[in-house]
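Engineer: Below: sequence and its predicted model.
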Amino acid sequence: MGKAGDAFKSALLAALVTLGLAFPIVALRTDTNLSNQLVLTERWGLTFILAAVVGAGVFLLTLVRPVLAARATPKVSSRTAAPPHPFRRYLPRIGLALLIAFPLIASGIAAAGGPGALKLLDNYGIQILTYVLLGWGLNIVVGLAGLLDLGYVAFYAVGAYSSALLTKTFGLSFWLALPLAGILAAFWGLLIGFPVLRLRGDYLAIVTLAFAEIVRLVLINWVPVTGGYAGLSSIPKPTLFGYSLGSEPGGIPSLIGLPPSPVYRLAFMYYLLLALALFTYWVTQKLRSLPVGRAWEAMREDEIACRSLGINTVTTKLSAFATGAFFGGLAGAFFSAHQSFVSPKSFEFMESAVIVAIVVLGGLGSAVGVAIAAVVMIGGTELLRELDALKAVFGNDFDPAQYRMLLFGLAMVLLMIWRPKGLISTREPTVRLKPQPARGAPSFPSAAE
Amino acid sequence: MSTPLLSIEGVSAFYGNIQALKGVSLEVNRGEIVTLIGANGAGKSTLMMTVFGNPRAREGRILFEDKPITDLSTHAIARLRIAQSPEGRRIFQRMTVLENLQMGAAVDGSVNFDEDLDRVTRLFPRLKERLSQRGGTLSGGEQQMLAIARALMSRPKLLMLDEPSLGLAPLIVKQIFATLAELNAQGMTIFLVEQNAFHALKLAHRAYVMVNGVITMSGPSRDLLARPEIRQAYLEGGRH
């Protein structure tokens, strides 16, 4: 009785709190009608349903949680950095194969009567991969170097606008604008790096947040260059060796005799993005095993120890900011070329928050974890647009897309309860010892003091 | 006689408005073990950190191999081959023992890494068994060994140790001090900051005693060990 009674008590409390909270927000709904008058709608039924749902949820959770906690206690604590589980080891390869085959899978799904290949490629493939790329870029700053950067979107914006201006105004090829956009973003990374060198933790986060806001405000107000709120449109699409990838005559698809379809360009952009993401992954893994990457990780662990070992933490921090920003810039250049349109609306704080959330949920520093988190968070919210079936339950007014952020938040809360250190929290060592021949001497069990 | 390896001349240091060091002078000669003993909060660790430029000395100067290092930044001082095993060990918890040692060799770009790894693992055989283990999973004694080994990876001319006995079992303390004696026999100059005065005085050639940021006594350790006021203040009841 005791347990269930306690659970009932906390459930009742939670339901009451919900009632109190929901009263002004849900129960009393105000709309303006056509003649601009406020109309008050009372929704008591919905309010009580909400309270009941919350109460039931808390009741169940209170009962279930001790059971789960008992199960989750690790039986053996592994002291060594054991080689990962076979599934973990093959996961990147399986993922890569799926990614390469994705355009084919998408056309397969489309042919089988599912949603169109264009939509699958654009909304899922390109959208998710963009966040994977951004997540991996930010992972260098937040995950490896341990510098909490809440303004990463600034570098994304710098990359996007640089590439847009270089290709549109200066007529450069996209292939030249892409690295230049990365370099310009890296330069901005250095610029923000200097003033924040002495800051850490929350202070650093606030300053980077402000920096991103400055960049956005400049984009809005520097109308002659950036076009202000209207942004820049008709940015040239990338070509391949001077040949267009569109369906018009003279483009590559028509030259090799394919029927006209916009899907080829999209597939091309998809593979371009995939290549950029893999490049980022490769560079990050390489850097981790080099002195500079090792210094990033050591700085995350202990800055003072780093300095007393002769590591110049100033250059180490700046290099982390610049490298992370470079990949943000690449992502931005891709974004502007893909959309043919950039405006300040795409670079609001929400973007930074989503990218940080992906890195944290994935597990700070884990590339695979970040990729999985991007798939879950971005793919999941995209999937919600599809759930029209829910209209049958909640009535025709129900628009699942409106609940995206709610579910986004819910998923984050659940993930953080289930895996407080992120999806993949074990750190992969950058060097492994070659297996040594077994020696005759017995090794001692370690005596912990 | 040659000039001292490290000489600290009339150094004062502050934390904000609080003066932690009041005109401290001290010398460490090549090949010596010098210890600085004193009670908790006397300013011993501050002196060691001041040598590393954090906090910076506001008065006086610090010379290493006759060159002033008072105004150098911490990492530049470390690159002169002064290594420290800091208070609280400060090993990199999530990195493996091997990676910790790699960080120690960062100063010279790991050119002699394999040779030095071999050297320090012979000095601390425990670490050899734990090379692929994460630093944070080591026991306290092993972490202290790692901190010293990491400092040794840079082939230092001067090894500075801050309270290597802190929080360790007496047997482990004995082991670590024996290793320090062995290192010194191989020619390493050691500057040791300790609260465990008995062990430190037994090990060192010379010693300084610090009280409230001032050096109050100095001399050969054996003499200090024999002085009644030292025995009373630092050894009675604390001998182990």
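Structural biologist: Nice, I can see it.
Engineer: make it CA atoms for all contacts and neighbour counts henceforth
Structural biologist: Fine.
Engineer: Residue B:84: helix or strand, and which one exactly?
Structural biologist: Taking DSSP states H and E as the definition, residue B:84 sits inside strand B:82-85.
Engineer: number of nearby residues for the residue in the stretch 151-300 of chain A positioned nearest to chain B?
Structural biologist: Nearest to chain B, among the residues of the stretch 151-300 of chain A, is residue A:298, at 6.2 Å (Cα to the nearest Cα). By other Cα atoms under 10 Å in any protein chain shown, the residues close to residue A:298 number 26.
Engineer: Direction included, what does the strand holding residue B:84 pair against?
Structural biologist: Its sheet considered, strand B:82-85 pairs with strand B:158-162 (parallel) by DSSP bridges.
Engineer: Which pLDDT value does the model give the residue most central in space within chain B?
Structural biologist: Compute the mean C-alpha point of chain B, and by Cα atoms, centre = their mean the closest residue is residue B:161, 1.6 Å away. pLDDT for residue B:161: 94.
Engineer: give the contact list for it.
Structural biologist: B:84-87, B:148, B:190-193 (Cα atoms under 8 Å, 6 or more residues apart in numbering or on different chains).
Engineer: that older thread, return the residues in contact with the residue of the stretch 151-300 of chain A closest to chain B.
Structural biologist: Neighbours of residue A:298 in contact, by Cα under 8 Å, 6+ apart: A:145, A:306, B:92, B:95, B:103.
Engineer: mind redoing it with 10 Å?
Structural biologist: A:144-146, A:292, A:304-306, A:311, B:91-95, B:99-100, B:103 (Cα atoms under 10 Å, 6 or more residues apart in numbering or on different chains).
Engineer: need the longest helix for chain B.
Structural biologist: In chain B, taking DSSP state H as the definition, the longest helix is helix B:170-185.
Engineer: what sits up against that helix?
Structural biologist: Contacts of helix B:170-185 (Cα under 10 Å, 6+ apart): A:449, B:31-33, B:123-124, B:140-142, B:144-145, B:148, B:152, B:159, B:164-168, B:186-190, B:192, B:196, B:199-200, B:202-204, B:240.
Engineer: Quick one: buried ones out of these?
Structural biologist: Buried by 16 or more other Cα atoms under 10 Å in any protein chain shown: B:31-33, B:123-124, B:140-142, B:144-145, B:148, B:152, B:159, B:164-166, B:168, B:188-190, B:192, B:196, B:199-200, B:203-204, out of the contacts of helix B:170-185.
Engineer: Do I have it right that residue B:234 meets residue B:199?
Structural biologist: No: look at residue B:234 against residue B:199 with Cα atoms under 10 Å: they stay out of range, at 11.2 Å.
Engineer: List the buried residues of the particular helix or strand that has residue A:283 in it.
Structural biologist: Element membership for residue A:283, per DSSP H and E: helix A:263-288. Neighbour counts over helix A:263-288 (16+ other Cα under 10 Å) mark A:263-271, A:273-274, A:276-278, A:280-281, A:284, A:287-288 as buried.
Engineer: What is that helix packed up against?
Structural biologist: helix A:86-111, helix A:117-119, helix A:127-138, helix A:252-255, helix A:291-301, helix A:313-339, helix A:367-374 (3 or more Cα pairs under 10 Å, 6 or more residues apart in numbering or on different chains; DSSP states H and E).
Engineer: May I have the residues that are in contact with residue 107?
Structural biologist: Using chain A. Per Cα under 10 Å, 6+ apart, neighbours of residue A:107: A:113-118, A:120-121, A:263.
Engineer: wait, I meant chain B there
Structural biologist: A:309-312, B:75-76, B:78-81, B:153-155.
Engineer: One more: residue A:360?
Structural biologist: A:135, A:139, A:142-143, A:354, A:366, A:369-370, A:373, A:412, A:416, A:420-423, A:425.
Engineer: just the buried members of these?
Structural biologist: Going by neighbour count (16+ other Cα under 10 Å), the contacts of residue A:360 have A:135, A:139, A:142-143, A:354, A:366, A:369-370, A:373, A:412, A:421-423, A:425 buried.
Engineer: pLDDT added to those residues, as JSON lines?
Structural biologist: Below are those laid out as JSON lines (pLDDT from 0 to 100):
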{"residue": "A:135", "pLDDT": "96"}
{"residue": "A:139", "pLDDT": "94"}
{"residue": "A:142", "pLDDT": "93"}
{"residue": "A:143", "pLDDT": "91"}
{"residue": "A:354", "pLDDT": "90"}
{"residue": "A:366", "pLDDT": "87"}
{"residue": "A:369", "pLDDT": "89"}
{"residue": "A:370", "pLDDT": "92"}
{"residue": "A:373", "pLDDT": "89"}
{"residue": "A:412", "pLDDT": "80"}
{"residue": "A:421", "pLDDT": "81"}
{"residue": "A:422", "pLDDT": "81"}
{"residue": "A:423", "pLDDT": "81"}
{"residue": "A:425", "pLDDT": "76"}
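Engineer: among those residues, which two are most distant?
Structural biologist: A:354 and A:425 (19.2 Å; Cα to Cα).
Engineer: mind checking how far residue A:129 is from chain B?
Structural biologist: Distance of residue A:129 to chain B, given as Cα to the nearest Cα, to the nearest Å: 29 Å.
Engineer: And the helices in the stretch 101-250 of chain A, which stretches?
Structural biologist: All helices of the stretch 101-250 of chain A, identified by DSSP state H, counting those that start in this stretch, fall at A:117-119, A:127-138, A:153-168, A:174-193, A:201-221, A:223-226.
Engineer: got JSON lines for those helices, with distance to residue B:180 too?
Structural biologist: Listed next are the helices of the stretch 101-250 of chain A as JSON lines, based on distance: least, Cα to Cα, whole Å:
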{"stretch": "helix A:117-119", "distance to residue B:180": "68"}
{"stretch": "helix A:127-138", "distance to residue B:180": "44"}
{"stretch": "helix A:153-168", "distance to residue B:180": "50"}
{"stretch": "helix A:174-193", "distance to residue B:180": "41"}
{"stretch": "helix A:201-221", "distance to residue B:180": "38"}
{"stretch": "helix A:223-226", "distance to residue B:180": "65"}
